[in-house]
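Novice: Let's see this in three dimensions:
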Amino acid sequence: MCICINCQHVKNCTTYRIILIQHNQPISGTDKMEFTPENTLIQININQVDYNIKLEWDLVECSSFVEKPGFWLV
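Specialist: Below is the predicted model of the structure:
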């Protein structure tokens, strides 16, 4: 699971924007993604069923993480 959803920077984070784009999700928060986190680690899981390949992108480590559960919902 992506740790971004419980981070206070989720609404203006450049890395989270990249993850949303990879998931074909609408960009929430501000239009101006101005926060660039430090020391991020993105895990990409590759799932294949027959000839269909699905990539699952999750941020699993970030030095800039500041816990604020549910902040992405507001």
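
Novice: Give me the phi and psi for the spatially closest residue to P69 that is not a sequence neighbour.
Specialist: Counting by Cβ to Cβ, 6 or more residues apart in numbering, P69 lies nearest to N6, which is 4.8 Å off, once chain neighbours are set aside. For every residue, glycine as well, the C-beta is placed using N, CA and C. The phi/psi pair for N6 (degrees, to the nearest 10) reads phi -110, psi 30.

Novice: quick one: contacts for the residue nearest to the spatial centre of the chain?
Specialist: Nearest to the geometric centre of the chain sits Y16, at 3.4 Å (Cα atoms, centre = their mean). Counting by Cβ atoms under 8 Å, 6 or more residues apart in numbering, Y16 touches 2, 4, 7, 9-10, 33, 59.

Novice: Just the ones of the residues you listed in strands?
Specialist: Applying DSSP state E to those, the entries found in strands are L59.

Novice: which among the contacts of Y16 gets closest to H23?
Specialist: C2 (9.3 Å; Cβ to Cβ).
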